[in-house]
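Chemist: structure for this input, please:
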Amino acid sequence: MRFKFYQIGVLALGLGALLGACGAATASTAHKSPASGSTHQRPSEIIPVSSDALAMGPLQSNGTIAVLAGTDHSKGVFLYDIADQQEIGSFSVSNLAQSITQLPNGDIAVGFGGSSVGAVQLYAESGREFASVPVAEPVLSLSVGSDGGSILVLEGTSRARAVALLDVATREASSTIPVALQTVAIASSLQTPNELYGLESQGVVAVYTTTTGQEIGDFIVGHSGRALAMGPGGNHLFVLKGSAQIRNVAVVDLATERDVRVLPAPKGAVAIQTDLTSQHLIELASLPNAANIQVASTS
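Modeler: Below is the predicted model of the structure:
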């Protein structure tokens, strides 16, 4: 096959730092930190978050978002209210945590990985752990399934990678789908629930069917793929890509599998989500000793 929420728009949002020539303001704990050479739209909101931010879950219907942050010595989950621009809660997790997502009911899933095995631990928003589901390999990325009650678990090592389908109700990882070794992020299709997308580091998005576990297509989005976010209606896929210095977000029309526009991303961007209407892009930027969430229009 391969040759090759809370609607943010209703908030009274303050203006943040200007975007750089190919991205938004760099990660900072200040709300106004102009970037040189700014010529693009500004983020409408810049929210300082815990330094050493690693990953971010989807925006919840109550306007909160969960961020995994920390070092090899100490890690935690931090909850932020986008409207109030403040941290509203946190709890500690193992220093083996590498990824995070959050279900529509508020439960938080954190992916862990040691040298050869992994697990997905489930927490209430209070920080109470209520389940731990082992998986075969270290967890690299998590994404909520199209039914809202399952989790796609990207697991693997430098030798092989796969996606395990975790049923939250039964707390079991069922079928496992082999994916390309370069896969770095995954997202479930909302239009075709038995399909999922796998972003590869070289900028290819592969399409897999969960029915047979086979790859059924692919398309190119650009070099250095980093993160994925599915638009709320399932019509568009948002793809974070780029080098260490220059990053952007491709908006892909899934009907045609073509980019319809490219949005700037902050230097140090590591994760993206959208609001519940796709009118705003939520970007997590993390640089040494500083990190923030930036909210910008997708139009």
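Chemist: quick one: low-confidence parts of the stretch 101-250 of the chain?
Modeler: Under the criterion of pLDDT under 70, none of the stretch 101-250 of the chain is flagged as low confidence.
Chemist: which stretches in the stretch 1-150 of the chain count as strands?
Modeler: With DSSP state E, counting those that start in this stretch as the criterion, the stretch 1-150 of the chain has strands at 45-48, 53-56, 64-70, 75-81, 86-93, 97-102, 108-113, 118-123, 129-135, 139-144, 150-156.
Chemist: I'd like these as TSV, with distance to residue 286 appended.
Modeler: For glycine as for every other residue, the C-beta is placed from the backbone atoms N, C-alpha and C. Formatted as TSV, those follow (distance: least, Cβ to Cβ, whole Å):
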stretch	distance to residue 286
strand 45-48	12
strand 53-56	4
strand 64-70	8
strand 75-81	12
strand 86-93	16
strand 97-102	13
strand 108-113	17
strand 118-123	22
strand 129-135	25
strand 139-144	16
strand 150-156	20
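Chemist: which one of those strands lies nearest to residue 234?
Modeler: Relative to residue 234, the nearest member of these by Cβ to Cβ is strand 139-144, separated by 12.7 Å.
Chemist: now for the closest one, which elements pack on it?
Modeler: strand 97-102, strand 108-113, strand 118-123, strand 150-156, strand 183-188 (3 or more Cβ pairs under 8 Å, 6 or more residues apart in numbering; DSSP states H and E).
Chemist: can you redo those strands as a markdown table with distance to residue 249 and mean neighbour count?
Modeler: Shown next, in a markdown table, are the helices and strands packed on strand 139-144 (distance: least, Cβ to Cβ, whole Å; neighbours: other Cβ atoms under 10 Å):
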| stretch | distance to residue 249 | mean neighbour count |
| --- | --- | --- |
| strand 97-102 | 19 | 24 |
| strand 108-113 | 23 | 24 |
| strand 118-123 | 27 | 22 |
| strand 150-156 | 20 | 24 |
| strand 183-188 | 13 | 24 |
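Chemist: residue 290 is nearest to which of the ones you listed?
Modeler: strand 97-102 (19.7 Å).
Chemist: check which helices and strands the closest one sits against.
Modeler: Looks like strand 97-102 contacts strand 53-56, strand 64-70, strand 108-113, strand 139-144 (3+ Cβ pairs under 8 Å, 6+ apart).
Chemist: let's have the ones you listed in a markdown table, adding distance to residue 83.
Modeler: Putting these into a markdown table (distance: least, Cβ to Cβ, whole Å) gives the following:
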| stretch | distance to residue 83 |
| --- | --- |
| strand 53-56 | 17 |
| strand 64-70 | 9 |
| strand 108-113 | 20 |
| strand 139-144 | 22 |
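Chemist: still on that earlier bit, of all the strands of the stretch 1-150 of the chain, which one comes closest to residue 283?
Modeler: Of those, nearest to residue 283 by Cβ to Cβ is strand 53-56, at 8.7 Å.
Chemist: for the closest one, list the C-alpha coordinates in PDB.
Modeler: Output of strand 53-56 as PDB, limited to C-alpha atoms (Å, rounded to 0.1, in the frame of the first residue of the first chain):
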ATOM      1  CA  ALA A  53       5.500  19.100  30.700                       C
ATOM      2  CA  LEU A  54       5.400  15.800  28.800                       C
ATOM      3  CA  ALA A  55       1.900  15.200  27.500                       C
ATOM      4  CA  MET A  56      -1.700  16.500  27.600                       C
END
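Chemist: can you count the residues close to residue 171?
Modeler: 13 (other Cβ atoms under 10 Å).
Chemist: what about it, distance to residue 244?
Modeler: 38 Å (Cβ to Cβ, to the nearest Å).
Chemist: do the same with residue 142
Modeler: For residue 142, the distance to residue 244 - Cβ to Cβ - is 24 Å.
Chemist: compare those two (neighbour count), which wins?
Modeler: Higher neighbour count among residue 142 and residue 244: residue 142, with 25 against 8, using other Cβ under 10 Å.
Chemist: I'd say that one and residue 152 touch.
Modeler: Yes. With contact defined as Cβ atoms under 8 Å, residue 142 reaches residue 152; the gap is 7.0 Å.
Chemist: now do the contacts for the spatially closest residue to residue 166 that is not a sequence neighbour.
Modeler: Computed as Cβ to Cβ, 6 or more residues apart in numbering, the closest residue to residue 166 that is not its neighbour in sequence is residue 151, at 4.4 Å. Neighbouring residues of residue 151 by Cβ atoms under 8 Å, 6 or more residues apart in numbering: 101, 103, 109, 120, 142-145, 165-166, 168.
Chemist: before we move on, what about residue 148?
Modeler: The contact partners of residue 148, by Cβ under 8 Å, 6+ apart, come to 103-105.
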